[in-house]
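S.K.: one predicted model, sequence on top.
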Amino acid sequence: MASNRATKSGFAAEAQRKINSKYSEDLAQECLEWIKVITGEPIDVSGDEENFYTILKDGALLCRLVNKMQPGSVKKINEGHLAFKLMENINAFLESAKKMGVPPQELFQTVDLWEKQNLHAVVICIQSLGRKARNFNQPAIGPKESEKNVRNFSEEQLRAGQGVISLQYGSNKGANQSGINFGNTRHM
């Protein structure tokens, strides 16, 4: 867990402070409220960093969340205190989230949650899953995702566009390179 790590110093500490500064209690609270609505479990929805970490660190609630959205997503939710079993829960959640449509760049690493390295990434992943909830007939959070709008043009329409010279292309009338001087001239 986070308590097993050595204290960071120098560039590592600076980088960790920057990562920690991105965490938003309001967004975390919104995610926890959404999880509470989907799962129906009585959890504390305070967006406080410690509360967010405590509720989600074992991955069991996250597994129950994806199982409510898409039954059977996570076959076995591990209980107990063995670290590798609890980290398996987090990994099972991430695999299910990927299958449900969360883009890879919005997923987090297991250690981001387990060792409290980057809770902001966890919030981003949950929000991304929340946007996908509409696809599974569940209440969603965040903006509605855009839908595909394919447009097909005929060859005639495409050729008609090539014959138009627009003023948006600009003009080079009067443009020349006279008077351009880079740097200072050499004085003799």
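M.R.: Yep, that arrived. Numbering: from 1, shown residues only.

S.K.: compute the first-to-last residue distance for stretch 109-119.
M.R.: From its first residue to its last, stretch 109-119 covers 10 Å (CA to CA, to the nearest Å).

S.K.: distance of the residue nearest to residue 70 when sequence neighbours are not counted relative to residue 67?
M.R.: In space, and not counting its chain neighbours, residue 70 is closest to residue 136: 5.7 Å by CB to CB, 6 or more residues apart in numbering. All C-beta spots, glycine's among them, are computed from the backbone N, C-alpha and C. Shown here: residue 136 relative to residue 67, a distance of 11 Å by CB to CB, to the nearest Å.

S.K.: right, and the residue nearest to residue 70 touches residue 69 too?
M.R.: Yes: counting by CB atoms under 8 Å, residue 136 touches residue 69, with 4.6 Å between them.

S.K.: who has more neighbours, the two?
M.R.: Set side by side, residue 136 and residue 69 give different neighbour counts by other CB atoms under 10 Å, the larger being at residue 69 (21 against 17).

S.K.: distance of that one from residue 9?
M.R.: Residue 69 sits 42 Å away from residue 9, taking CB to CB as the criterion.

S.K.: check residue 119 too.
M.R.: Applying CB to CB, one obtains 21 Å for the distance of residue 119 from residue 9.
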